[in-house]
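>>> Dropping a prediction and its sequence here:
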Amino acid sequence: MAVQSIQTRLDQAQPIGLQLFQVLRTRIIRCEILPNTRLSEVGIAAEFDVSRQPVREAIIKLSEEGLLEVRPQRGTVVPRISVRVVEDARFVREAIEADIVKRAVKVFDKRMIDELDAQILRQREAQSVTEFVQMDDLFHRTFAEGIGRGNAWNVIEGLKAQLDRVRYLSLQHFPQAALIEQHRAVVDAIRESNTERAEAAMRKHLNNIVDDLPVIAAGHPEYFTE
């Protein structure tokens, strides 16, 4: 599956700093900007024909997510992926989503289950990794929003930036079919009102990274630390 390039034209009617943050964040996560790459405020401002202030705002937000490091005398650098940070983010995400899915078993009605079924069908038709990742995020966000905890997904999104960097590094072995079947197992358990099985299915799904991370790190040692 191919990775789609992202649109870089900015909408002057919308906050420029936020748009720059989203564009640069996506480039880093997709490994279009490699670890140890130095970024220049002047260069970014010139590329997007904007002032340096919104660039600075974007860099601050990216630093808060661990996607950039501002190093004295060395400038702004894309850091390597920390194995420990990835493992910690996965641990916290699993704890949150396991609780979410347990609540979903109790509150999801036929309409919500039908929506999840429809999403799984669309996942099977995805033509690129980028498209599938967007659908995968929608699938997980639907659970949080469906139990009235949409802000929980915002927390998860902030955590999973490093997880997503690993996900894009594994493109040559992207397990789309396996992930879809894992989604199906979660939805089927909810359909059957089986809380224990739904939680187990979600935990298994989110633990893929534990099995894949050592292989991915060994195959791309220049991208990782620890």
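That came through fine.

>>> what comes up buried for the lowest-mean-pLDDT helix or strand in the chain?
When the helices and strands of the chain are scored by mean pLDDT, DSSP states H and E, helix 208-219 comes last with a mean of 84. Going by neighbour count (16 or more other Cβ atoms under 10 Å), the buried part of helix 208-219 is Asn208, Ile209, Asp212, Leu213, Ile216, Ala217. C-beta here means a position set from N, CA and C on the backbone, and glycine is covered the same way.

>>> Quickly note the distance from the first one to Glu181.
Spatial separation of Asn208 from Glu181 under the definition Cβ to Cβ, to the nearest Å is 12 Å.

>>> Let me see the ranges of the strands in this structure.
Under the criterion DSSP state E, the chain contains strands at 38-39, 69-71, 75-77, 81-82, 224-225.

>>> winner for burial among the ones you listed?
Comparing those by mean neighbour count (mean count of other Cβ atoms under 10 Å), strand 81-82 ranks first with a mean of 20.

>>> pLDDT averaged over it, what's the number?
Averaging pLDDT along strand 81-82 yields 92.

>>> so what's Arg56 closest to, chain neighbours aside?
Glu41 (6.2 Å; Cβ to Cβ, 6 or more residues apart in numbering).

>>> which helices and strands does the least confident helix or strand of the chain pack with?
helix 83-107, helix 161-169, helix 176-191 (3 or more Cβ pairs under 8 Å, 6 or more residues apart in numbering; DSSP states H and E).

>>> Can I get those helices in TSV including distance to Glu125 and mean neighbour count?
Formatted as TSV, the helices and strands packed on helix 208-219 follow (distance: least, Cβ to Cβ, whole Å; neighbours: other Cβ atoms under 10 Å):
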stretch	distance to Glu125	mean neighbour count
helix 83-107	24	17
helix 161-169	20	21
helix 176-191	11	18
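
>>> Now tabulate those in a markdown table and tack on distance to Ser51.
Shown next, in a markdown table, are the helices and strands packed on helix 208-219 (distance: least, Cβ to Cβ, whole Å):
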| stretch | distance to Ser51 |
| --- | --- |
| helix 83-107 | 32 |
| helix 161-169 | 26 |
| helix 176-191 | 41 |
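
>>> Lowest mean pLDDT across those, which one is that?
helix 161-169 (a mean of 87).

>>> how big is the angle separating that helix from helix 83-107?
100 degrees (axes from the mean of the first three to the mean of the last three Cα atoms, to 10 degrees).
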